[in-house]
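> Return a 3D structure for these sequence lines:
(one chain, ligands or ions: 1)
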Amino acid sequence: MRFAKVWQRLLGVERTVVEQVVFDEDEGAIVASVRPRKGATRRCGICGRRCPWEDRGEGRRRWRALDLGAIPAYLEADAPRVRCAEHGVIVAQVPWARHRARHTTAFEDQCAWLAAHCSRSAVEELLRIAWRTVGAIVTRVVADAQARHDPLDGLRRIGIDEVAYKKGHRYLIVIVDHDTGRLVWAAAGRDKKTLNRFFDALGKSGCARLREVSADGANWIGDVVHSRCLNARLVMDNFHVVQWATDALDEVRREVWNQARRDLGDKVLADRLKGCRYALWKNPDRLTKRQRGRLAWVANTNARLYRAYLLKEELRLAIRMKGDEGIRLLAHWLAWASRCQIPAFVELGRKIRRHRQAIHNAMRSGSSNALIESTNTKIRVLTRVAFGFRSPEALIAMAMLAVGGCCPALPGRTTPIAFELTAT
Ligand SMILES: [Zn+2]
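Prediction:
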């Protein structure tokens, strides 16, 4: 039956008999009637165990397959039910699709690959499906990948972070493996209970294996880590510390700006200060000529704001330097901050003293700040891409796909193309 073999390959199905292929005029689609090969029949849709036949279920149904050239294609088959000892009466497994899926496995894998690599509109148009459907497909594909390989295996150094989604109203806890830069776990929530669920999933021996846990300095995270990870050092995610300094600098800039506008009524000065925002934020080596000019102007006209800028820069330098040298510079910075007479930075100095041990731990750790920050940035970008998904589950699945190493290979390619994670 060479004809059937060719169709089997074309449709990207295995352990499947292609009985007949017709062109459905009404649908404008190719429809292939199929059935599972002998050994693949009467299996539970969830566990795959051989089970007794129950009934015909809802009769024949269709699964969307990958387009054949320019024409949509469907598989059509019976969908009988079986009686599984564990899962009860359930629709039988089919070799060409995942349980409860309305699309073939090849279609779903291609959809997930595209979702990780292309824009939302490209995926929707190319595959002729709604973004909501993409969300459901991605969730199934990721669950499938995780069932085959547990991402929590062998973790030693992890990072815990909070990511806002839904325009900042809701939060995800995300856990990243610092050795691979991969996202390994995420859940909706921002509390001890949710974080404890991660350590429950990791298990006692998994928790005991952890050597280093990094976080943003939130007390509730520290408490849980101390009670669950007995062999791990708590380490600060130091890019958050640099972010605190940037926030403090912005507070000073706003103060100076408001003062210029209100007290002095000096509109020109206020406008120029407003224009300095980016020059003050950026790393000095990335400044444009124009921004360097603006910074020089701040140095000449506003000593207080310029001092705040220097405080931010020295802190950033200490953090970047790492090691003993960085720690010495940080000590110098703390002394400077305590007598600088700029409330935002005095307060920042106090905050850093509170977290000093964890910050020192990070400066002595081998973890790369750049890798941690880049994974963090990628997850934040994803939350915007996946905004159209209704559930946090779909958003999490999308993140696991793109930065969790769960992206499947394209149908017909044997080597999985892992989504490359590179520190920038
Ligand atoms: Zn079962």
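> Name the spans of the stretch 101-250 of the chain whose pLDDT lies under the cut-off.
167-168 (pLDDT under 70).
> Where do the helices of it begin and end?
105-117, 120-127, 131-148, 192-209, 219-228, 238-262 (DSSP state H, counting those that start in this stretch).
> among these, which is nearest the ion?
helix 131-148 (13.7 Å; C-beta to the ion). (Each C-beta comes from the backbone N, C-alpha and C, glycine too.)
> for that closest one, which positions count as buried?
For helix 131-148, burial by neighbour count (16 or more other C-beta atoms under 10 Å) applies to 131, 133-142, 144-146.
> what does stretch 367-378 give?
Here stretch 367-378 shows Ser367, Asn369, Leu371, Ile372, Glu373, Ser374, Thr375, Asn376, Lys378 as buried, counting by 16+ other C-beta under 10 Å.
> mean confidence for it?
Mean pLDDT, stretch 367-378: 73.
> Alpha carbons only: can I get that stretch in PDB?
Taking Å, rounded to 0.1, in the frame of the first residue of the first chain, the C-alpha atoms of stretch 367-378 are listed here in PDB:
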ATOM      1  CA  SER A 367      26.600  33.500  39.100                       C
ATOM      2  CA  SER A 368      26.600  36.000  36.300                       C
ATOM      3  CA  ASN A 369      24.400  39.100  36.900                       C
ATOM      4  CA  ALA A 370      24.100  39.500  33.200                       C
ATOM      5  CA  LEU A 371      22.600  36.000  32.600                       C
ATOM      6  CA  ILE A 372      20.200  36.400  35.500                       C
ATOM      7  CA  GLU A 373      19.100  39.800  34.300                       C
ATOM      8  CA  SER A 374      18.800  38.700  30.700                       C
ATOM      9  CA  THR A 375      16.500  35.800  31.600                       C
ATOM     10  CA  ASN A 376      14.500  38.100  33.800                       C
ATOM     11  CA  THR A 377      14.200  40.600  30.900                       C
ATOM     12  CA  LYS A 378      13.100  37.900  28.500                       C
END
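> what's near enough to touch Pro72?
Glu27, Gly28, Ala29, Ile30, Arg64, Arg128 (C-beta atoms under 8 Å, 6 or more residues apart in numbering).
> Please narrow the buried residues of stretch 367-378 to those residing in helices.
Among those, the members found in helices (DSSP state H) are Asn369, Leu371, Ile372, Glu373, Ser374, Thr375, Asn376, Lys378.
> got the buried residues of stretch 367-378 as CSV, with distance to Ser227 columns?
Listed next are the buried residues of stretch 367-378 as CSV, based on distance: C-beta to C-beta, whole Å:
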residue, distance to Ser227
Ser367, 23
Asn369, 27
Leu371, 28
Ile372, 24
Glu373, 28
Ser374, 30
Thr375, 26
Asn376, 25
Lys378, 30
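> now, which of those residues sits nearest Lys38?
Comparing the buried residues of stretch 367-378 against Lys38 with C-beta to C-beta places Lys378 closest, at 45.8 Å.
> quick one: Glu313 and Asp223, what's the gap?
From Glu313 over to Asp223 the distance is 33 Å, taken as C-beta to C-beta, to the nearest Å.
> Just want to know which of the two has more residues nearby.
Neighbours per residue, other C-beta atoms under 10 Å: of Glu313 and Asp223, the larger number sits with Glu313, 15 against 12.
> What separates the first and last residues of stretch 276-292, distance-wise?
Using C-alpha to C-alpha, to the nearest Å, one end of stretch 276-292 lies 10 Å from the other.
> Show me the protein divided up by domain.
1-102, 238-364 (automatic domain parsing).
> With distance to the ion as added columns, please give those domains in a markdown table.
As requested, the domains of the chain are exported to a markdown table (distance: least, C-beta to the ion, whole Å):
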| stretch | distance to the ion |
| --- | --- |
| domain 1-102 | 3 |
| domain 238-364 | 46 |
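> And those domains, which one averages the lowest pLDDT?
domain 238-364 (a mean of 88).
> ok, so of the buried residues of helix 131-148, who is nearest Ala40?
Asp144 (17.2 Å).
> I'd like the distance from that closest one to Arg228, if you could.
Distance from Asp144 to Arg228, by C-beta to C-beta: 29 Å.
> Same check on Asp67?
Distance from Asp67 to Arg228, by C-beta to C-beta: 49 Å.
> Going along the chain, name the helices of the stretch 251-400 of the chain.
Going by DSSP H, counting those that start in this stretch, the stretch 251-400 of the chain shows helices at 267-274, 277-281, 289-301, 303-321, 323-338, 343-354, 356-364, 369-385, 392-403.
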